[in-house]
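Trainee: No letters, just coordinates:
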């Protein structure tokens with residue numbers, strides 16, 4: 001994690017001409033995963049680095065969307081389904 005608050009994250013994303021939903025779609029993340037960072041004072045390194053680099057690339061007049069298309073990223077899978085009844089069950093040993 002790096003010391004970057006949500007406001008700084010969204011500022012860098014906005015510099016790239018994106019809102020949170022568009023940023024999440026670009027990196028194939030769940031938009032809720034990004035907005036859930038709002039209460040944190042530290043951001044995951046990968047999210048912070050991507051946001052800063054996007055902002056800097058736009059400042060330098062560089063295109064970036066084609067780079068993400070080349071990566072052929074896959075959708076991020078949910079860690080646990082909302083209807084998972086095992087959420088609060090204890091495991092038997």
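Mentor: On my side now, so go ahead. Everything quoted here is computed from the prediction, not taken from an experiment.
Trainee: Kindly list the longest helix within this structure.
Mentor: helix 45-59 (DSSP state H).
Trainee: Which pLDDT value goes with the nearest residue to residue 15 once chain neighbours are set aside?
Mentor: Leaving aside its sequence neighbours, residue 15 sits nearest to residue 55 (Cβ to Cβ, 6 or more residues apart in numbering; 3.7 Å). Every C-beta, even on glycine, is put in place using the N, C-alpha and C of the backbone. On pLDDT, residue 55 comes in at 92.
Trainee: ok now stretch 49-61, how far from the chain's centre?
Mentor: 15 Å (Cα atoms, centre = their mean, to the nearest Å).
Trainee: Contacts for the helix or strand that the longest helix of the chain is followed by, please.
Mentor: Later in the chain than helix 45-59, the nearest helix or strand by DSSP states H and E is helix 65-71. Applying Cβ atoms under 8 Å, 6 or more residues apart in numbering, the contact partners of helix 65-71 are 26-27.
Trainee: Can you give the distance of helix 65-71 from its chain's centre?
Mentor: 16 Å.
Trainee: Sounds good, over and out.
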